[in-house]
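A.B. asks: next come a sequence and a model predicted from it.
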Amino acid sequence: MCTTIGLSTLMATGAGTAPVAAASATASTGQSIINLGKKYLGTRYQFGASTSTTKYFDCSSFTKYIFAKYGVDLPRTSVAQSKVGKAVSKADLRVGDLVFFSSGSRANGKNVTHVAVYAGDGKILHTYGSPGVTVSNLNSGNWKKTYLKARRVL
């Protein structure tokens, strides 16, 4: 009887539901960010791209732009972005988490040189060289070899 009353009170007041609601809101924001980013598939890559254009992006101007549309103000560079939010393990990635790599000509295997957004199902949404904005497999090839860490900003 007490259990029933206690449970009924929790359900009636909504007590105990905030973490589920917050997680759900975070998940939908993450998916919204991915959906927006996918509208730019194929958009040209340009290192050092301005944050005031969508004609081309570099990796961090792209993440800064798509997150800003959902109220998340990220720093301009991938290095600075790698220091915001909270650390998350690769095994615990959620859609919308930022993932960081040490790849390309400036990489030494330890320094952050690239940022992407985790899109779910082992995929990342990002931009680099050709083909520009694209979806890649996090768990194969270059991205598997050069993965460094992830941060949760949502």
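C.D. replies: Arrived safely.

A.B. asks: in the chain, which spans are helices?
C.D. replies: Per DSSP state H, the chain carries helices over the ranges 2-13, 18-38, 59-68, 78-81, 141-146.

A.B. asks: ok, of these, where does mean pLDDT dip lowest?
C.D. replies: Looking at the helices of the chain, the lowest mean pLDDT belongs to helix 2-13 (a mean of 40).

A.B. asks: pretty sure S82 is touching F100, no?
C.D. replies: Yes: at 4.8 Å, S82 and F100 qualify as touching, with contact defined as Cβ atoms under 8 Å. Backbone N, C-alpha and C define where each C-beta goes, glycine included.

A.B. asks: common neighbours of the two, please.
C.D. replies: 112, 115, 148-149, 151 (Cβ atoms under 8 Å, 6 or more residues apart in numbering).

A.B. asks: check the residues you listed for burial and list the buried ones.
C.D. replies: 112, 115, 148, 151 (16 or more other Cβ atoms under 10 Å).

A.B. asks: which among those gets closest to V72?
C.D. replies: R151 (11.6 Å; Cβ to Cβ).

A.B. asks: show the contacting residues for that closest one.
C.D. replies: 81-88, 97-98, 100.

A.B. asks: do that again at 7 Å, thanks
C.D. replies: Counting by Cβ atoms under 7 Å, 6 or more residues apart in numbering, R151 makes contact with 82, 84-88, 97-98.

A.B. asks: got it, and R152?
C.D. replies: Neighbouring residues of R152 by Cβ under 7 Å, 6+ apart: 85-86, 88, 94, 97.

A.B. asks: let's see 8 Å
C.D. replies: Counting by Cβ under 8 Å, 6+ apart, R152 makes contact with 85-88, 94, 96-98.

A.B. asks: no more questions from me, cheers.
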